[in-house]
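Chemist: everything below, folded, please.
(one chain, ligands or ions: 2)
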Amino acid sequence: MADELKKGLEGVLVAESELSFIDGDAGKLVYRGYSIEDLAREASFEEVVYLLWHGELPTRDELEPFAQSMAEERVVDDAIVELAQELAEADEEPMAAMRTVASHLSAYDPDADADPTDYEANLRKGRRLTAKLPTALAAFARARDGDDPVEPRQDLSHAANFLYMLNDEEPEDVMADTFDMALVLHADHGLNASTFSAMVTASTLADMHSAVTSAVGTLSGSLHGGANANVMRMLKEVDGSDRDAFDWIETALDEGRRVAGFGHRVYNVKDPRAKILGERSEELGEAAGDRKWFEMSSTIEEYMAEEKGLAPNVDFYSASTYYQMGIPIDIYTPIFAISRVSGWVAHVLEQYEDNRLIRPRARYVGDEDVDYTPLDER
Ligand SMILES: CC(=O)SCCNC(=O)CCNC(=O)[C@H](O)C(C)(C)COP(=O)(O)OP(=O)(O)OC[C@H]1O[C@@H](n2cnc3c(N)ncnc32)[C@H](O)[C@@H]1OP(=O)(O)O
Ligand SMILES: O=C([O-])CC(=O)C(=O)O
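Modeler: Ligands and ions are numbered 1, 2, ... in the order given. Next up, the predicted model:
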């Protein structure tokens, strides 16, 4: 048993968590017992962050000061805005820029010198990271277009304020609601790779900023959060080709392509988040009088189910949702990060509360008993 190899740690239990539960056969996701459908429909991102960090949904008296304390932390030091602008000027990849910013935020965090396991200090650090990363992301995205940063506003929700900072325009309610829902849907998901990465880092008693920086790097890959931007690039490729979606996907699979937005390590059926986002993507298309992206996505979904037995994951329908909101494709994954940071923080808090160094091992398959040859004789 001890020598059984579990490549990719599939199915391996490594921790106990009260944060989220996934039933991969039933297509069910809950945060602290609440179904994702109820939370997506009813709760704001701020309520969900409170739920993840404090264990219960807030009362109105608890939510108001919590949301206000997050809003107050939206402002970033000038040096962070300058860093975002510098990275934009250097044509840095958006997720690489986010990783650098996440790390650099510790230089301006008043709790940076606290003991890494200090619970209250970690809640404050988590709140600052969650509040400030969107500000830096918006400044970065705007700087690439030569636009000045937009100061955050405290009178807007977390979701509405991000869209306001991105576009220098207050979003319509439907856009703010859609974005809020997307943030809720992406907030946590068990021990996904980026969360696990944050936990591994925290398990060495490294600090919150180190854990979140590790997580941002891990989320960036195309097998994880990076897939959402690739989905939209694929849909644009289909749209720009002379083939319809059916022909296109047939050829792509014949060529052995891995189709972004499909398959999942835990779900064997459609990801419940994809169901919710698919509906929203369709509604946005209908409202704009253009069902093209939704219809293309549905055709690909049907083909993948029939031919490969694979269902869409969260990244598949977030792509066309964000596209129809006018969001630049290459910040889809950073947007995932500005939501998931809340889950990373929650898991890091859990990790510190019951810490043990995470250190698996590899089966050694290298050479043995090799005679050492001095350098000059090799
Ligand atoms: C938020 C998230 O992170 S959700 C996931 C986002 N990632 C993506 O959408 C990228 C595309 N999907 C994938 O690459 C995979 O499904 C993963 C990485 C998500 C899951 O990977 P794993 O659990 O390790 O499954 P694995 O990669 O072993 O795939 C199993 C089989 O399904 C096939 N498969 C899995 N996903 C896909 C896909 N998207 N397109 C084509 N074939 C696929 C594999 O080729 C493999 O087939 P084989 O056994 O004949 O070789
Ligand atoms: O759980 C996973 O492996 C990937 C995922 O869907 C997420 O992180 O939201």
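
Chemist: so where's the stretch 1-150 of the chain uncertain?
Modeler: Scanning the stretch 1-150 of the chain for pLDDT under 70 picks out the ranges 1-2.

Chemist: for ligand 2, what's the nearest residue on it?
Modeler: At 7.1 Å from ligand 2, residue 22 is the closest residue in the stretch 1-150 of the chain, using C-beta to the nearest ligand atom. Where you see a C-beta, it was placed from the backbone N, CA and C, and this is true even at glycine.

Chemist: need the contact list for residue 38.
Modeler: If you count contacts by C-beta atoms under 8 Å, 6 or more residues apart in numbering, residue 38 has none.

Chemist: anything in the helix or strand hosting it near ligand 2?
Modeler: According to DSSP states H and E, residue 38 maps onto helix 36-42. No - for helix 36-42, no contact with ligand 2 is found by C-beta under 6 Å from any ligand atom; the gap never falls below 10.8 Å.

Chemist: what comes into contact with the helix or strand that comes right after that helix?
Modeler: Counting by DSSP H and E, the next helix or strand C-terminal to helix 36-42 is helix 45-54. Contacts of helix 45-54 from elsewhere in the structure, counted by C-beta under 8 Å, 6+ apart, are 19, 31-32, 34, 39, 43, 56-58, 62-63, 66-67, 70, 123, 126, 130, 157-159, 180, 183-184, 187-188, 339, 342-343, 345-346, 349.

Chemist: dump the C-alpha coordinates for helix 45-54 into PDB.
Modeler: In PDB, the C-alpha atoms belonging to helix 45-54 read as follows (Å, rounded to 0.1, in the frame of the first residue of the first chain):
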ATOM      1  CA  PHE A  45     -19.400  37.400  -3.500                       C
ATOM      2  CA  GLU A  46     -18.800  39.300  -0.200                       C
ATOM      3  CA  GLU A  47     -21.300  37.000   1.600                       C
ATOM      4  CA  VAL A  48     -19.500  33.900   0.200                       C
ATOM      5  CA  VAL A  49     -16.100  35.200   1.200                       C
ATOM      6  CA  TYR A  50     -17.500  35.700   4.700                       C
ATOM      7  CA  LEU A  51     -18.900  32.200   4.700                       C
ATOM      8  CA  LEU A  52     -15.600  30.700   3.600                       C
ATOM      9  CA  TRP A  53     -13.500  32.700   6.100                       C
ATOM     10  CA  HIS A  54     -15.900  32.800   9.100                       C
END
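
Chemist: does it come close to ligand 2?
Modeler: No - Helix 45-54 is not in contact with ligand 2 by C-beta under 6 Å from any ligand atom; minimum separation 13.7 Å.

Chemist: follow-up on the earlier one: packing partners of the helix or strand the residue of the stretch 1-150 of the chain closest to ligand 2 falls within?
Modeler: Using DSSP H and E, the element containing residue 22 is strand 20-23. If contacts are counted by 3 or more C-beta pairs under 8 Å, 6 or more residues apart in numbering; DSSP states H and E, strand 20-23 sits against strand 28-31.

Chemist: does the strand it packs on pack against any helices or strands, and if so which?
Modeler: Judged by 3+ C-beta pairs under 8 Å, 6+ apart, strand 28-31 is in contact with strand 20-23, helix 36-42, helix 45-54, helix 272-288.

Chemist: and it, which residues are buried?
Modeler: 29-31 (16 or more other C-beta atoms under 10 Å).

Chemist: now do the same contact list for the nearest residue to residue 276 once chain neighbours are set aside.
Modeler: Leaving out its chain neighbours, the residue that sits closest to residue 276 by C-beta to C-beta, 6 or more residues apart in numbering is residue 40, at 5.1 Å. Contact analysis of residue 40 by C-beta under 8 Å, 6+ apart lists 181, 184-185, 273, 276.

Chemist: try it again at 7 Å.
Modeler: Under the criterion of C-beta atoms under 7 Å, 6 or more residues apart in numbering, the neighbours of residue 40 are 181, 184-185, 276.

Chemist: ok, and the closest non-adjacent residue to residue 316?
Modeler: Of all residues not flanking residue 316 in the chain, residue 261 sits nearest, at 3.2 Å (C-beta to C-beta, 6+ apart).

Chemist: kindly report the residues of the protein close to ligand 1.
Modeler: Selection of the chain residues close to ligand 1 by C-beta under 6 Å from any ligand atom yields 8, 223-225, 227, 258-265, 308, 310, 313-315.

Chemist: filter those residues down to the buried ones, ChimeraX style.
Modeler: Selection of the buried residues among the residues of the chain next to ligand 1 in ChimeraX, burial being defined by 16+ other C-beta under 10 Å:
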select :224,225,227,259,260,261,262,263,264,265,310,313,314,315
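
Chemist: quick check: residue 100 touching residue 87?
Modeler: Yes - assessed by C-beta atoms under 7 Å, residue 100 is found in contact with residue 87 at 6.2 Å.

Chemist: compare these two and say which is more crowded by neighbours.
Modeler: residue 87 (22 against 19; other C-beta atoms under 10 Å).
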